[in-house]
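Enquirer: Sharing a model that was predicted from the sequence below.
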Amino acid sequence: GPCQTPTLGFTVQRHLDIQTFVREPYWTLDLGVIKATSSTGGNVEAQRVCRAVWEGGRSFHPNKIVSLRDLVCESKDVGDRAVWVEKVVTKDKKQGRPTPLNTVALLKACSKSLGIGPHATMQTAERLYLSGYLSYPRTESTAYPTSFDILGTLRQQSNDARWGKYVRSLIANNEITKSRGGVDMGDHPPITPCREVGGYELSGDMARVYDLVVRHFIASVSQDAVWKSTRVYLKIDVLKEKGRFVVSGRELVSKGFLEVVLYKQYEEESSRENNENEDLSNEEIRPLPKFVEGEIIPILVQSSEKKSEVSKVAVLSSQTFLASSRATLGIKEGMTSPPSYLTESELISKMEHYGIGTDASIATHIENILKRNYAEMIPGGGRRIKPSKLGLTLAQGY
């Protein structure tokens, strides 16, 4: 059909991408900076190795990387065997709350976070709707209409043992926010809870889907999360522009909507889609040790001769060198890897992007290619889909 064929086609194309992928080795410079994390009376209590990301990127020519490393480690000038802290940038970054929930977002969230397929999700959501627990689950809207009673809907959830305390605080502190972005399509409002649920009133998938919808609704009108992000820019002067590295880390300053969102994978996806500032996904969720602009950190080398010379860096740079800091410079080898098979969530995104089906029919198209054995779910979790032999034959014949 006009919708099932391209749906299967996405899985076939990804399968072909994997089968034809040629793995290649690559090399990068690997800089590790060893820093004291705390000290009392000058005695170091603990140390931590911070891995720096080389801004030179991957190289498919190992000799070039070896020559760069040797230029540093085999230099007779002890000043060449040092990395200095060029700049330390610390700033607050917002992680945006999720937009209101439409059908496609519900299907993706349930597949990714709850392991419930799109067809089962729609059946469950429709049962919850017919029982009066959720609003109509087939909608394209991602913004609440002006007539929607956000405060009243929140108050319905204020006595729930799971999130009631958070909701009461949200209301009492006047921290309810307008939903971010999104579009009111005028068909139906986004999917929201319609009533409070008692402790054992729901069970199984109905309870899990209801829980996800309620948490998403509360999160969508909560404050953004705020992270304190630190990026340390390092440089090895002898390498010039090839000697730049970055160490980054972050710590949570204000939880905001993250206090009510349970589903980590789902939360990370929504943050990538909605973050107003730089992407936080590449930063380690951990505060960095102290770095000082202008600080010089000696690079340790293997030979005893070089080790003795490294100690001179501490003497020569006594004003800027912290005795508890040192670095290592090596070469890291890796292999390029093929893409993974599509998850249901990724397949739904592709269908939405290319206009395959509607919010009401996407789940049916995916269910059909699975039921008719054109595609199959890969065992082992993650809800990844690959085409079957029948599906490959059909696609190649088409």
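Expert: Arrived safely, thanks for sending.
Enquirer: Against residue 92, how distant is residue 252?
Expert: Separation of residue 252 from residue 92 (C-beta to C-beta, to the nearest Å): 11 Å. C-betas here are computed from N, CA, C, even on glycine.
Enquirer: where do the contact lists of the two overlap?
Expert: 226, 227, 228 (C-beta atoms under 8 Å, 6 or more residues apart in numbering).
Enquirer: for the stretch 1-150 of the chain, which spans come out with low pLDDT?
Expert: Scanning the stretch 1-150 of the chain for pLDDT under 70 picks out 38-45.
Enquirer: ranges for the helices of it?
Expert: Secondary structure of the stretch 1-150 of the chain (DSSP state H, counting those that start in this stretch): helices at 4-19, 62-73, 103-109, 118-130, 150-156.
Enquirer: so which of those comes closest to residue 396?
Expert: helix 4-19 (8.1 Å; C-beta to C-beta).
Enquirer: Now flag whichever of the shared contacts of residue 252 and residue 92 is closest to residue 46.
Expert: Distances from residue 46 to the shared contacts of residue 252 and residue 92, taken by C-beta to C-beta, are shortest for residue 228, at 20.8 Å.
Enquirer: sec struct for the closest one, please.
Expert: Three-state call for residue 228 (DSSP: H, G, I helix; E, B strand; the rest coil): strand.
Enquirer: do the same with the one 5 residues further on
Expert: Using three-state DSSP, the secondary structure recorded for residue 233 is strand.
Enquirer: thought it was touching residue 84?
Expert: No - here residue 233 does not reach residue 84: they are 10.0 Å apart, not a contact under C-beta atoms under 8 Å.
Enquirer: Buried residues, stretch 182-197. List them.
Expert: 182, 184, 185, 188, 189, 190, 191, 192, 193, 197 (16 or more other C-beta atoms under 10 Å).
Enquirer: Could you find which two of the residues you listed are furthest from each other?
Expert: 185 and 197 (27.7 Å).
Enquirer: which residues touch residue 171?
Expert: Contacts of residue 171 were listed using C-beta under 8 Å, 6+ apart, and they are 151, 154, 155, 158.
Enquirer: Out of those residues, which is nearest to residue 374?
Expert: Nearest member of the contacts of residue 171 to residue 374, counting by C-beta to C-beta, is residue 154, at 44.2 Å.
Enquirer: ok, that closest one - contacts?
Expert: Counting by C-beta under 8 Å, 6+ apart, residue 154 has contacts 167, 170, 171, 176, 218, 221.
Enquirer: any idea how far the last one lies from residue 327?
Expert: Computed as C-beta to C-beta, the residue 221 to residue 327 distance reads 47 Å.
Enquirer: try residue 63
Expert: 23 Å.
Enquirer: neighbour count winner among these two?
Expert: residue 327 (23 against 9; other C-beta atoms under 10 Å).
Enquirer: Report the secondary structure state of the more buried one.
Expert: strand.
Enquirer: Find me the pLDDT at residue 381, would you?
Expert: We have a pLDDT of 76 for residue 381.
Enquirer: what are the ranges of the strands in this protein?
Expert: Ranges of strands in the chain, per DSSP state E, are 25-40, 43-54, 82-95, 225-235, 244-254, 284-285, 296-300, 326-335, 375-377, 385-387.
Enquirer: Filter the contacts of residue 154 down to the buried ones and express that as a ChimeraX selection.
Expert: Buried residues among the contacts of residue 154 (16+ other C-beta under 10 Å), as a ChimeraX selection:
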select :167,170,218,221
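Enquirer: Of all the helices of the stretch 1-150 of the chain, which one is nearest residue 349?
Expert: With C-beta to C-beta as the criterion, residue 349 lies closest to helix 103-109 of those, at 6.9 Å.
Enquirer: Just list what the closest one packs against, helices and strands only.
Expert: helix 118-130, helix 204-220, helix 344-353, helix 362-371 (3 or more C-beta pairs under 8 Å, 6 or more residues apart in numbering; DSSP states H and E).
Enquirer: and if we set it to 6 Å?
Expert: Secondary-structure packing of helix 103-109 (3 or more C-beta pairs under 6 Å, 6 or more residues apart in numbering; DSSP states H and E): helix 344-353.
Enquirer: Enumerate the positions of the helix it packs on that are buried.
Expert: Residues 344, 345, 346, 347, 348, 349, 350, 351, 352 are the ones in helix 344-353 that count as buried (16+ other C-beta under 10 Å).
Enquirer: contacting residues around residue 233?
Expert: 86, 87, 246 (C-beta atoms under 6 Å, 6 or more residues apart in numbering).
Enquirer: returning to what we had before: from the contacts of residue 154, which one has the minimum pLDDT?
Expert: Of all these, residue 176 has the smallest pLDDT value, namely 93.
Enquirer: which residues touch the closest residue to that residue other than its chain neighbours?
Expert: Take residue 176 and drop its neighbours on the chain: the residue closest to it by C-beta to C-beta, 6 or more residues apart in numbering is residue 221, 5.3 Å away. Contacts for residue 221 (C-beta under 6 Å, 6+ apart) come out as 150, 176, 177.
Enquirer: which one among these gets closest to residue 55?
Expert: The closest of the contacts of residue 221 to residue 55 turns out to be residue 177 (C-beta to C-beta; 37.0 Å).
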